[in-house]
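Enquirer: Predicted structure and sequence below. I'll ask about it afterward.
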Amino acid sequence: MQAQADLMADAPKSTLLIIDDQPSSIFMLGQMLRKEYRVDFATGGMEGLQKAREGQPDLILLDISMPDMDGYTVCQQLKNEATTRDIPVLFISLLNDAENERIGLQLGALDYITKPFNETVITSKIKNHLNTRRQLCALTAANREMVRQAQSRERMEKFTLHDLKNHLGFIINLPGLLENLEGTTTAHMELAALAEQEGMRMLEMINQAMDLYKLESQDLTLPNDPVDLVALIHKLCQDMQTVAGLHKINLRIVGDADAHYWVRGGSRLLYSLFGNLLKNAIEASPDRHDVTIRFDPGRAIHIHNHGAVPEAIRENFFGKFVTHGKRFGSGLGAYSAAMITGLHHGEIFLCAGMEETEIVVALPPMTMPMQDAEAAENAVPQCGMG
């Protein structure tokens, strides 16, 4: 306690600026406050504004009734200027009525003190407002530091991802390098092919992470290519058969094989969107169960799996780093899917049942008959569970 008292004693005094055209009020307030604070004063609104800009006081005591510029106008100008808007303002006035107090607080003042002054009341209010301002300044500084550190980490991660992409080139090209080397066996080529496959997976993960950075910073230009979501899903299911097989999961597409669901956007982004959702569905589904993908061309795509989303994460299922029960889960799959859906001006829904889960992704169709377009615009995609 003594150490804290010593620190407070050594701390510089806060500066108060009194703006009042009455010398008697300035003198009285000065007598009350000089022991604890540095006190400056101005006898008019224009002078007060100039001193506030130049001196940056910690708190301003502002009279309302002044001949050159009333306190309301002074307060409004203080709050309109970036250099002075955060300085706490306390109105002081002989006008003791609710309407004047309401106007003052509406303009951004923190308090309203009536004359004649009660020393105990005014010193307590000043102390409380100064303590609040110190805490807000400390929080603001801490927040700025957190943002700076986050930006620094993000820059470092981007550089790291870029360097990883460069080094992955050797791993991906390993089969071609070994193919013509003397003594290369079939076993060597199989291992090299496995390294190439894993390298391609890592490259896709890096590309997804870099896209996510761009999405979050709104630095990603959305391509305007025509993409058939039905064809994309068929290709994705073929590519994910190995992953599904490891989990003894069967990927089953439901719907018209000749249907089309054309949208405009980025094929790689959309591949990532549905790839993340399918991967989540496979990992969440019990072994030897189907994960079904149902097309509703022009309206939505439904991904259904057995296994319920835990109640603890349902409300924030598409949030960043939200995961549950996955040892190596990053919590970015559903978050990334939601970001990409939003970028394509679409909507994504979670439909969670007792023992099953369905994700519905609705993206604006590129072309469709007028009557179907009107129906799709007025309808909300429904879950197909139950």
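Expert: Cool, the structure landed.

Enquirer: Going by secondary structure, residue 252 is in what exactly?
Expert: strand 250-254 (DSSP states H and E).

Enquirer: contact partners of the helix or strand following that strand?
Expert: Remark: after strand 250-254, the chain's next helix or strand is strand 262-265, criterion DSSP H and E. Identification of contacts with strand 262-265 by Cβ atoms under 8 Å, 6 or more residues apart in numbering yields 222-229, 270, 343-344, 363-367. C-betas here are computed from N, CA, C, even on glycine.

Enquirer: Please convert the buried members of the residues you listed into PyMOL selection syntax.
Expert: With 16 or more other Cβ atoms under 10 Å as the burial test, the buried ones among those are selected in PyMOL as follows:
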select buried, resi 227+228+229+270+343+344+363+364+365
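
Enquirer: what's the burial count for residue 105?
Expert: Look at residue 105: counted by other Cβ atoms under 10 Å, it has 13 neighbours.

Enquirer: Wasn't it part of a helix?
Expert: Yes. Secondary structure of residue 105 (DSSP: H, G, I helix; E, B strand; the rest coil): part of a helix.

Enquirer: The chain: helices as residue ranges?
Expert: Taking DSSP state H, the helices of the chain run over residues 2-10, 23-33, 45-55, 71-80, 98-106, 119-172, 174-179, 186-216, 229-239, 241-246, 267-284, 311-314, 333-343, 370-378.

Enquirer: So in terms of bridging, what pairs with the residue nearest to residue 57 when sequence neighbours are not counted?
Expert: Leaving aside its chain neighbours, residue 57 sits nearest to residue 17 (3.9 Å; criterion: Cβ to Cβ, 6 or more residues apart in numbering). Assessed by DSSP bridges, residue 17 has beta-bridge partners residue 40, residue 60.

Enquirer: list the contacts for residue 17?
Expert: 40-42, 48, 51-52, 55, 57, 59-61.

Enquirer: Can you tell me, leaving aside adjacent residues, what's nearest to residue 75?
Expert: Closest to residue 75 by Cβ to Cβ, 6+ apart is residue 107, at 4.7 Å.

Enquirer: Likewise for residue 307?
Expert: What sits nearest to residue 307 in space, not counting adjacent residues and going by Cβ to Cβ, 6+ apart, is residue 284, at 4.6 Å.

Enquirer: just to revisit the earlier point, of all the helices of the chain, which one is nearest residue 304?
Expert: Comparing the helices of the chain against residue 304 with Cβ to Cβ, the closest turns out to be helix 267-284 (7.7 Å).

Enquirer: between that closest one and strand 250-254, what angle do the directions make?
Expert: If you take axes from the mean of the first three to the mean of the last three Cα atoms, to 10 degrees, helix 267-284 sits at 120 degrees to strand 250-254.

Enquirer: which other helices and strands contact helix 267-284?
Expert: helix 186-216, strand 225-228, helix 229-239, helix 241-246, strand 290-296, strand 300-306, helix 333-343, strand 356-362 (3 or more Cβ pairs under 8 Å, 6 or more residues apart in numbering; DSSP states H and E).

Enquirer: Settle this for me: residue 292 is touching residue 252, isn't it.
Expert: Yes. Between residue 292 and residue 252 there is a contact under Cβ atoms under 8 Å: 4.8 Å.

Enquirer: more neighbours, these two?
Expert: With neighbours defined as other Cβ under 10 Å, residue 292 and residue 252 compare such that residue 292 has more, 19 against 12.

Enquirer: show me what contacts the residue nearest to residue 75?
Expert: Contact analysis of residue 107 by Cβ under 8 Å, 6+ apart lists 72, 75-76, 79.

Enquirer: do that again at 6 Å, thanks
Expert: Contacts for residue 107 (Cβ atoms under 6 Å, 6 or more residues apart in numbering) come out as 72, 75-76.

Enquirer: And for residue 92?
Expert: 61, 63, 113.

Enquirer: same thing with residue 74?
Expert: 45, 48.

Enquirer: Which residue is the nearest non-sequential neighbour of the residue positioned nearest the centre of the chain?
Expert: Against the mean C-alpha coordinate of the chain, by Cα atoms, centre = their mean, the closest residue is residue 216 at 7.6 Å. Distances taken as Cβ to Cβ, 6+ apart put residue 339 closest to residue 216, at 7.3 Å, once the chain neighbours are dropped.

Enquirer: ok, how many other residues are close to the one you found?
Expert: 22.

Enquirer: so it sits right up against residue 211, yeah?
Expert: No. Using Cβ atoms under 6 Å, residue 339 is not in contact with residue 211, being 8.9 Å away.

Enquirer: Quick one: low-confidence residue ranges for the stretch 201-350 of the chain.
Expert: Counting by pLDDT under 70, the ranges of the stretch 201-350 of the chain that qualify are 208, 212-213, 217-219, 257, 324-331.

Enquirer: okay if I get the helices and strands packed on helix 267-284 as CSV plus distance to residue 27?
Expert: Shown next, in CSV, are those (distance: least, Cβ to Cβ, whole Å):
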stretch, distance to residue 27
helix 186-216, 57
strand 225-228, 76
helix 229-239, 78
helix 241-246, 82
strand 290-296, 79
strand 300-306, 75
helix 333-343, 62
strand 356-362, 71
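
Enquirer: Tell me the backbone dihedrals of the residue nearest to residue 75, please.
Expert: In terms of degrees, to the nearest 10, the main-chain angles of residue 107 are phi -80, psi -10.

Enquirer: per-residue confidence for it?
Expert: For residue 107, the pLDDT comes out at 85.

Enquirer: Per-residue pLDDT of the closest residue in space to residue 308 that isn't next to it in sequence, please?
Expert: What sits nearest to residue 308 in space, not counting adjacent residues and going by Cβ to Cβ, 6+ apart, is residue 355, at 5.6 Å. You'll see residue 355 listed with a pLDDT of 86.
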